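Engineer: Below is the sequence, then the predicted model.
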Amino acid sequence: MSRHPSSGFTLLEVLVALAVLALTLGAVIKAAGDYTGNQAHLRDRTMATWVARNVLVGQQLENAWPDVGEIKGSTEMAEREWRWLVIVSQTEEQELRRLDVEVRPFEDADAEPLAVLSGFLWQPGK
């Protein structure tokens with residue numbers, strides 16, 4: 001029995017197939033890495049938003065009238081330390097103050113805030 005010469009793959013065909021496979025796997029690995037990075041960023045933004053909400057509600061529940069300026073602090077959530085800043089500003093209404101809460105990771109104080117939340121506070125007793 002003799003074997004027909006066109007019954008197998010040539011070296012060139014095998015190399016082309018391997019090149020296509022390598023490019024495809026590279027794209028899949030990059031997409032998986034990007035997805036993982038995005039998930040971590042979204043997790044951090046979600047936690048920062050929760051911290052901002054907790055800080056804003058805490059300020060509202062204190063039943064105090066904060067001075068115009070900044071209030072700084074930190075808190076722990078989800079086994080991570082967060083740095084927050086409340087910027088208190090006066091509105092046109094004398095009995096109303098605006099609170100802008102910015103939250104950053106504790107280890108990166110100069111980073112852009114991951115969450116910014118605004119709220120208002122009525123002067124107690126008014």
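Structural biologist: Yes, it's here.
Engineer: Quick check: closest non-adjacent residue to the residue nearest the centre of the chain.
Structural biologist: Nearest to the geometric centre of the chain sits residue 45, at 2.7 Å (C-alpha atoms, centre = their mean). Counting by C-beta to C-beta, 6 or more residues apart in numbering, the nearest residue to residue 45 once its immediate chain neighbours are dropped is residue 114, at 5.1 Å. For the C-beta atoms, the positions are set from N, CA and C on the backbone; glycine is no exception.
Engineer: so who does the one you found touch?
Structural biologist: Shown in contact with residue 114 (C-beta atoms under 8 Å, 6 or more residues apart in numbering): 44-45, 48-49, 103-105.
Engineer: Return a PyMOL selection command for the buried portion of those residues.
Structural biologist: A single PyMOL command suffices to select whichever of the contacts of residue 114 are buried according to 16 or more other C-beta atoms under 10 Å:
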select buried, resi 44+48+49+103+104+105
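Engineer: Mark which of the contacts of residue 114 are part of helices, please.
Structural biologist: 44-45, 48-49 (DSSP state H).
Engineer: Using TSV, please lay out the residues you listed together with pLDDT and distance to residue 56.
Structural biologist: Below are those laid out as TSV (pLDDT from 0 to 100; distance: C-beta to C-beta, whole Å):
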residue	pLDDT	distance to residue 56
44	93	19
45	95	16
48	96	13
49	97	11
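Engineer: Please identify which pair of these lies farthest apart.
Structural biologist: The two members of these with the most space between them (C-beta to C-beta) are 44 and 49, at 9.7 Å.
Engineer: Would you map the strands across the chain?
Structural biologist: Using DSSP state E, the strands of the chain run over 69-77, 80-90, 96-105, 115-122.
Engineer: Minimum distance to residue 61: which of those strands has it?
Structural biologist: That would be strand 115-122 among those, by C-beta to C-beta, at 10.4 Å.
Engineer: Against which helices or strands is the closest one packed?
Structural biologist: helix 11-61, strand 96-105 (3 or more C-beta pairs under 8 Å, 6 or more residues apart in numbering; DSSP states H and E).
Engineer: quick one on the thing from earlier: quick one: which of the ones in helices among the contacts of residue 114 is nearest residue 70?
Structural biologist: Distances from residue 70 to the ones in helices among the contacts of residue 114, taken by C-beta to C-beta, are shortest for residue 48, at 17.9 Å.
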